[in-house]
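J.: Could you look at this predicted model? Sequence included:
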Amino acid sequence: MATKAVAVPEARIPPRERLLAAASELFYEEGVHTVGIDRIIERAGVAKASLYSAFGSKDELVRCYLQDRQAVRTERIERRVESVDDPRERILVVFDYLHEQAEQPGFRGCAFYNASAESPPGGVIEQVTDEVREWTRALFHRLSTDAGATAGARLDRDPEATTVARTMAATLIDAAIARP
């Protein structure tokens, strides 16, 4: 006999978590600068003091929103990568994951790109997106190294590495241009 899931009453969910959930929905749907704290507070069903007590400022709420999204993304991607033995396929499962995300109802693009696009340089958003980009670079560097696909002519002592890298770039560009 299956057990029926019981919803946790909203009052039992800590205000910080309710605020973060509300901010996550609103920021992703409408943008971090479009959504004011009053809308987040209303959606979360908490007092304004709860926001300042939990986060200190809207900037810190935005930071936590983006860091939370990255933590979920990192965990899901790493789990996918670790489930595959073949080094080549370990790279490709990252793209499979991204494709699956893009097919989800309500997909509005990359939360980090969207937040960066609406923000001036500097500040919280740039800091977090720089961290995300560094994690992504490190992930692909690690996976490429594991697959033997490094392209460093000097480090690999192989002048053909630049030719291989150019061919790879041309293939990617051609595929992107050929899209209808």
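T.: Sure, I can see it.
J.: for the helix or strand D68 falls within, what is the average pLDDT?
T.: Using DSSP states H and E, D68 sits within helix 58-82. Averaging pLDDT along helix 58-82 yields 97.
J.: That one: how far from the chain's middle?
T.: Distance of helix 58-82 from its chain centroid, counting by CA atoms, centre = their mean, to the nearest Å, is 6 Å.
J.: Give the next helix or strand downstream of that helix.
T.: helix 87-102.
J.: How many residues are close by E75?
T.: 10 (other CB atoms under 10 Å). Glycine gets a C-beta too; all of them are placed from N, C-alpha and C.
J.: again, but for S144
T.: 16.
J.: Of all the residues in stretch 132-149, which ones are buried?
T.: For stretch 132-149, the neighbour count (16 or more other CB atoms under 10 Å) marks 132, 136, 139, 143-144, 149 as buried.
J.: re the thing from before, contacts for the helix holding D68, please.
T.: With CB atoms under 8 Å, 6 or more residues apart in numbering as the test, helix 58-82 has contacts from 19-20, 23-24, 27, 32, 37, 40, 51, 55, 90, 93-94, 96-97, 111-112, 115, 123-125, 127-129, 131-132, 135, 139, 143.
J.: Of these, keep whichever come out buried.
T.: Burial by neighbour count, 16+ other CB under 10 Å: within the contacts of helix 58-82 this picks out 19-20, 23-24, 27, 32, 37, 40, 51, 55, 90, 93-94, 97, 111-112, 115, 124-125, 128-129, 132, 139, 143.
J.: any low-confidence regions in the chain?
T.: Low-confidence segments of the chain (pLDDT under 70): 1-11, 150-159, 161-162, 169, 179-180.
J.: Just want the most central residue of it.
T.: In the chain, the centroid-proximal residue (CA atoms, centre = their mean) is Q70; its distance is 4.4 Å.
J.: now the helix holding D68 against helix 87-102, angle please.
T.: 140 degrees (axes from the mean of the first three to the mean of the last three CA atoms, to 10 degrees).
J.: circling back to that earlier point, I'd like the buried residues of stretch 132-149 written out as TSV, with secondary structure added.
T.: Converted to TSV, the buried residues of stretch 132-149 look like this (DSSP: H, G, I helix; E, B strand; the rest coil):
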residue	secondary structure
V132	helix
T136	helix
L139	helix
L143	helix
S144	helix
A149	coil
